[in-house]
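Student: need a 3D model of the following:
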Amino acid sequence: MNLKYDKKNINKILILILILSILNFSISILIPLFIIYKIILFKPSRKAVDNIIKYSLLIIFSPIIFILWWLILICVSISIVLLNIIAFIYIIFLMFLSFKVIYKIFKFIINQFFIKQENLSTEIFSLKNWLYNNYLIIISKINQKNKLTINKVVSPPKLTI
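Tutor: Next comes the predicted model:
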């Protein structure tokens, strides 16, 4: 029986178990595996008792370390979920603000180009001509049959700024 060959096989098996346990986040397997790896492979048998005493605290506290590890994972996952919720609320808020801004832009354009003012039975529509800075005011009246009749068209003097 070749001891070096056995050590290589044991190393491969332990590394495979280590990789699988890391992938499964199981620290309860990792700590005893680490202790066995340190005691059996790298330490001679005369110091085995000293090594067991040295690493016995890890064996005793491995459930506590396991619980702390899962608490850390739970805290990280909760923080990721909270960040996603905050990002979702932020996106909804930005959408609301963008719709509000678009609404204000449309309202501004409509108010600049087409202004409607009501005075009793007379409605005044003013259309702004942006090129010449003139206003065309159409004074109209709605008669009793709900038909619009234009009474007169008034053009004010040209404004200079």
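
Student: least confident secondary structure element in the chain?
Tutor: Ranked by mean pLDDT, DSSP states H and E, the helix or strand of the chain with the weakest confidence is strand 122-129, at a mean of 45.

Student: select the longest helix from this protein.
Tutor: helix 48-113 (DSSP state H).

Student: what's that helix packed up against?
Tutor: For helix 48-113, the packing partners by 3 or more Cβ pairs under 8 Å, 6 or more residues apart in numbering; DSSP states H and E come out as helix 27-36, strand 122-129. Any C-beta I mention is one placed from the backbone N, CA and C, and that applies to glycine too.

Student: how many residues are close by Ile85?
Tutor: Applying other Cβ atoms under 10 Å, we find 10 residues neighbouring Ile85.

Student: which residues touch it?
Tutor: Contacts for Ile85 (Cβ atoms under 8 Å, 6 or more residues apart in numbering) come out as none.

Student: now it: how far from Ile92?
Tutor: Separation of Ile85 from Ile92 (Cβ to Cβ, to the nearest Å) stands at 11 Å.

Student: what does Ile80 give?
Tutor: Look at Ile80 and Ile92: by Cβ to Cβ, they are 19 Å apart.

Student: same check, this time on Leu71
Tutor: Taken as Cβ to Cβ, the span from Leu71 to Ile92 is 32 Å.
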